[in-house]
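**Q** Got a predicted structure here, sequence first:
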Amino acid sequence: MIGFNARKIGMGLTAILLLLTTLTGSFARGEESGSDKMPVVKPAGSADTSGSGTSLQFEPYYLEVMEGWREAQIPEAEAAIVIKGSQVLRHSEGAGLRIERFNGRDNALVWINEDTNWIEYEVPVDQPGLYEIVLHYHSYKDAQADVASYRPAMLSVSVDGAFPFREARALKFPRHFRDTLPLQTDEKGDHLRPKPIEIENWYAQSLRDTDGAYAEPFQWHFTKGKHTLRLQGYESIVIDKIELKKPEHPLPYKDAVKQLPEGNGGKAFTLEAELMAEKDDVALQIEADQDAFMTPFAGSRRIFNAVGGKRWSSGGAGAAWTFTVPASGRYKIGMRAYQGYLSNQLVFRKILIDGKVPYEELLSYPFPYSTGWQGIALQGENDEPYSFYLEQGEHTLSMETTYDPFNPIVKKQEAVSQVLTKLSLNLNSIVGGQTDQYRTWNIEQNYPELLAQLREAADEIEWMAQELLRVNGRQDNNSQTLATATKDIRSLLSLPNEVPNRLDELTAIQNKVSSIRTVLANSPLMLDKFYFIPVEEDFPRMKATVWQKLRTGIKSFIHSFNARDRLSYGDSEVVHVWANYGRDYVNVLQDMADQYFTPETGIKVKVDLLPREQLLVLANAAGKAPDVAIGMTEGRPIEMAIRGAVEDLSQYPGFDAVFNQFSPGAMIPYYYNGGYYALPETQRFNILYYRKDILDLLGLQVPQTWDDVIAMLPALQQSNYNFYIPADFQTFFFQNGAEYYTTDGMKTELDSPEALRAFQQLTDMFTIYGIDQQVTSFYQHFRDGTMPIGIADFNMYLQMTLAAPELHGWWGMAPIPGMPDEAGQIARWTGGNQSSAMIFEKSANKEEGWKFLQWWLSAETQQRFGSDLEGFYGVAFRWNTANVEAFSQLPWTRDELAVLLEQWKWYKDIANIPGSYFITRELNNAWNRTVVDGMNYRESLEEAVVNLNRELDRKAREFGFIGKDGVILKTYDPPRITKPWEGVELYADQ
């Protein structure tokens, strides 16, 4: 106990010293944060930076602001104001502006951005009130760019130097695309996925949220007088004009239908949903479905006959279809839809005809859950179909994702999660980070505010459950989750003095409440076709009969025995490639091989989807292995090389040229016994993510070294923030100059002074400096703002880009903190993980397989593959190729690429030798012994070294590197990388 108290006192003194250092040092508040700092626009509300122990507060959500405007009875303006894009009042120094005729419009503002910049306009307002703002814009395509960009332009919009609501920080102005039609087929009769073509038109878009939370555009309050409107962003865009006008609202159906002309429509007609005229997200894809009533019928082939599904679920993504009405009159509209993704939950779509929502009910039209395809008629609560008057001629039907009815629940969930987070932090402070079952508490007397906050949270969660039931119309998993969370909080309140000892339960409650957000914000839906029926006629049958389903099921069962979808092998005239990737990746690669590789070389390629990587071991043992395997985890090639199952690629002609395309540190895992048995395909490594807005408000800079991290921690933690650091052993070992193995590779070198120093540095972060030992989701904490800075890999970039559009432009990336070396350079070494490609020893097509690998891993092919993937499926499929030249040609921003390439040159992985699988296990055990159990770091690491050396010795004997008498017969001699890769510099300034 004395030791424990001394440790606690030491921790407290350390924290005080760090706080004094921070307040007087270079990371104190108010100091400029350098070139990567986002220009600060103050929030409309206030921010608490007093260090009072509460997190900084930003603007309220639009939902709350609009409610306040309604309560203040602010009227909607009747006037219209038009500002030409060329009438820029002021702009940032780096904004690339020119005024010219652009796609048919004179005096357009062409705003070419390569960095964060802003422009300002003066808005003269004679009539105060609420306005709708419309931006007339055109996407900008750089004619000199090597690859197409599929990114939307993202802008923040502020008025008079402040954001009126939080969503104004990031508004999306998408590019628009169409699929290449007619659809093409391959030699088997399967459809080939069409490539997207950007539609280069002018668009008028009202300013609205980025993820479909609101069905109607934002309204903006302007008082009488002159105002300044600022647009800020880092994507290029062309602006014709900015229009402020009276907000438009569709009438309820019962009122609007009275204004429609009479007259029954002409002949009924249908429209295939897969034949989109336009979409604003390339991820919105056509799909193949084998339902018996689909048109066209797919049968056993891949015939695209539907659109949407899980890829049409969020972000306000929209599609449009054009159709020709044969005769003017009133029509009913129906559709075949599949909504079997979210059990018992409604999803919603905003439905427009000719660019306008005809009825209020279509702002968020519900699609019920069903396990199969269903016929949906657009109708009211009384099941009476809506009537639409359509003039003869061409029209457009559009649908956009939205979760507007769930939005109040989602916003309440975020507020409740913040309350529960603060409660957890406060309770953790009270108990000093240690729960003591034998301590007696009097919470009601000493901390009554904690119980009051818990009661309020329980009431709010109960309201969320009831509101969700009202909107959804039935119980679902989300409402049950909320009901359980309410019950759990009531249980805590029943024994208030036990609350400090039940922190884990409070964390579990918080996780339950947070879990519903993602589900409610997603609304997947698949469509087959639309029906336009004269109002006096009945809808046709829109579902398959039992007989049709039975017949199709029997045919599908018979076709399941077709060998065309089995893993192929053994054909000497074809290179068989097994790919450990998803079906989408396999299809793109097969199409590319047929289009480029086979015509160039005459070598036929068959790419098969490998359902499980472990099948390779069984297939090789059975003599049924492929020629080439790709997408392998980085440890698999050496496991098979040890057993003589794969080829030493360094013996093939042209290997050195292929080798030089990759970071030397990326090749280490594939070295064994003097050869290289695989090549890297993809590569992931850690980088630093930070919230620009929060660091700016705290006056903190992006840290360059680990000393900088330690110096900024008190300023973060006293405002209830923290820094996220994963238990990343490679980073700390490599940056401290430690190596995992001795020079010959026969033993571990993790008992060196450098390794001991690194392990102490890592564990001290958790035991002394207050870094959280367990974090359920850094992404969620980062998005919520409770962890505004931390270290994560490439997946974090995708998550933030796709799932947090409201923070676009308000977070950044930087190289991870490092250790200054003897020359004063900051060593930022880090590892990661890779996927790899290899050739099997039993292949009958080794030379052809090598030619395939040379083609597949070349910069040209990797760049084309990455571009095609992103063009078909969106940024979620960004290909993190290990080929640095190809990587640099993908559609990164200049700032993103600069950060990624800087970190790339410090990439270094661990060699895979027999027994190396023990490293992760033993280091995790050592971390747990020190951080969780309190063991001395040196003793803990030394115990790991003993266990690791024992396993390395056992495996060396098993594979003939050490004889029975203990004499070393041969050594591994793994490569050592001590200098950053200079080859990356060739692409750093492109």
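**A** Received, thanks.
**Q** List phi and psi for Ser139.
**A** As for Ser139, its main-chain torsions (degrees, to the nearest 10) stand at phi -70, psi 150.
**Q** Any idea how many residues pack against it?
**A** 22 (other CB atoms under 10 Å). C-beta: built from backbone N, CA, C; applies to glycine.
**Q** just checking, it touches Glu200?
**A** Yes: the pair Ser139 and Glu200 passes the contact test of CB atoms under 8 Å, sitting 7.2 Å apart.
**Q** now this structure, which segments are flagged as low pLDDT?
**A** 1-57, 145-147, 432-435, 557-571, 989-990 (pLDDT under 70).
**Q** what do you get if the cut-off is 50, keeping everything else the same?
**A** 1-55 (pLDDT under 50).
**Q** mind checking the end-to-end distance for stretch 292-308?
**A** In stretch 292-308, first residue to last residue: 18 Å (CA to CA, to the nearest Å).
**Q** Same question for stretch 148-164.
**A** Across stretch 148-164, first to last residue, CA to CA, it's 34 Å.
**Q** Checking Ala758 next. Helix, strand or coil?
**A** helix (DSSP: H, G, I helix; E, B strand; the rest coil).
**Q** can you map out the helices along the stretch 351-500 of the chain?
**A** 407-431, 443-446, 448-472, 477-494 (DSSP state H, counting those that start in this stretch).
**Q** Nearest to Asn736, out of those?
**A** Asn736 lies closest, by CB to CB, to one member of the helices of the stretch 351-500 of the chain: helix 407-431, at 30.7 Å.
**Q** how about the helices of the stretch 351-500 of the chain, which one is nearest Met813?
**A** Nearest of the helices of the stretch 351-500 of the chain (CB to CB): helix 407-431, 24.3 Å.
**Q** mind putting the helices of the stretch 351-500 of the chain in CSV, mean neighbour count and distance to Gly824 included?
**A** Shown next, in CSV, are those (neighbours: other CB atoms under 10 Å; distance: least, CB to CB, whole Å):
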stretch, mean neighbour count, distance to Gly824
helix 407-431, 18, 39
helix 443-446, 12, 52
helix 448-472, 17, 50
helix 477-494, 18, 53
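**Q** Mind putting the ones you listed into TSV with distance to Pro626?
**A** TSV is the format used below for the helices of the stretch 351-500 of the chain (distance: least, CB to CB, whole Å):
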stretch	distance to Pro626
helix 407-431	47
helix 443-446	64
helix 448-472	48
helix 477-494	41
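**Q** who wins for proximity to Tyr724 among those?
**A** Here helix 407-431 is closest among the helices of the stretch 351-500 of the chain (CB to CB), at 14.3 Å.
**Q** what does that closest one rub up against?
**A** Outside helix 407-431, the residues that touch it by CB atoms under 8 Å, 6 or more residues apart in numbering are 54-55, 61, 63-64, 213-214, 403, 447, 450, 453-454, 456-457, 460-461, 463-464, 467-468, 471, 499-501, 503, 506-507, 509-510, 513-514, 516-517, 520-521, 720, 784, 786.
**Q** any idea of the angle that helix forms with helix 477-494?
**A** Relative orientation of helix 407-431 versus helix 477-494 (axes from the mean of the first three to the mean of the last three CA atoms, to 10 degrees): 30 degrees.
**Q** From what I see, Val984 and Tyr907 are in contact.
**A** No: with contact defined as CB under 8 Å, Val984 does not count as touching Tyr907 (9.2 Å).
**Q** Neighbour count for these two, which is higher?
**A** Comparing Val984 with Tyr907 by neighbour count (other CB under 10 Å), the higher total belongs to Tyr907, at 29 against 21.
**Q** Contacts only, for that one.
**A** Applying CB under 8 Å, 6+ apart, the residues contacting Tyr907 are Ser663, Gly665, Ala666, Gln683, Phe685, Trp829, Thr830, Gly831, Gly832, Trp981.
**Q** Where does the third one sit: helix, strand or coil?
**A** Here Ala666 is recorded as helix under three-state DSSP.
**Q** list the contacts for it?
**A** Pro680, Gln683, Gln834, Ala882, Tyr907, Asp909 are the contacts of Ala666 under CB under 8 Å, 6+ apart.
**Q** Which of the residues you listed ranks first by neighbour count?
**A** Tyr907 (29 neighbours).
**Q** I'd like the distance between it and Phe685.
**A** The spacing between Tyr907 and Phe685, counted by CB to CB, to the nearest Å, is 5 Å.
**Q** what residues do the two have in common as contacts?
**A** Joint contacts of Tyr907 and Phe685 (CB under 8 Å, 6+ apart) are Thr830, Gly831, Gly832.
**Q** could those go into TSV alongside secondary structure?
**A** As requested, the shared contacts of Tyr907 and Phe685 are arranged in TSV below (three-state DSSP):
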residue	secondary structure
Thr830	strand
Gly831	coil
Gly832	strand
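**Q** what's around the nearest residue to Ile99 once chain neighbours are set aside, how many residues?
**A** Spatial nearest neighbour of Ile99, chain neighbours left out: Ser86 (4.6 Å); criterion: CB to CB, 6 or more residues apart in numbering. Using other CB under 10 Å, Ser86 is surrounded by 17 other residues.
**Q** My read is that Arg864 contacts Met592, right?
**A** Yes: shown here, Arg864 and Met592 form a contact pair, counting by CB under 8 Å, at 6.7 Å.
**Q** how about the strands in the stretch 501-650 of the chain?
**A** Ranges of strands in the stretch 501-650 of the chain, per DSSP state E, counting those that start in this stretch, are 525-534, 574-579, 604-609, 628-633.
**Q** Pull the residues that contact the third one.
**A** Contact with strand 604-609 is made by 566-568, 571, 573-579, 581-583, 586, 589-590, 593-594, 597-598, 626, 852, as judged by CB under 8 Å, 6+ apart.
**Q** Pick out the residue nearest the middle of the chain.
**A** Central residue of the chain (CA atoms, centre = their mean): Gln799, 1.8 Å from the mean position.
**Q** Could you verify that that one is part of a strand?
**A** No: Gln799 sits outside any strand when classified using three-state DSSP, being helix.
**Q** I'd like the distance between it and Ser777.
**A** On the measure of CB to CB, Gln799 and Ser777 end up 9 Å apart.
**Q** for Thr228, same thing?
**A** Taking CB to CB as the measure, Thr228 falls 39 Å from Ser777.
**Q** List the residues that contact Ala792.
**A** Neighbouring residues of Ala792 by CB under 8 Å, 6+ apart: Asn686, Ile687, Tyr689, Tyr724, Pro726, Phe778, Tyr779.
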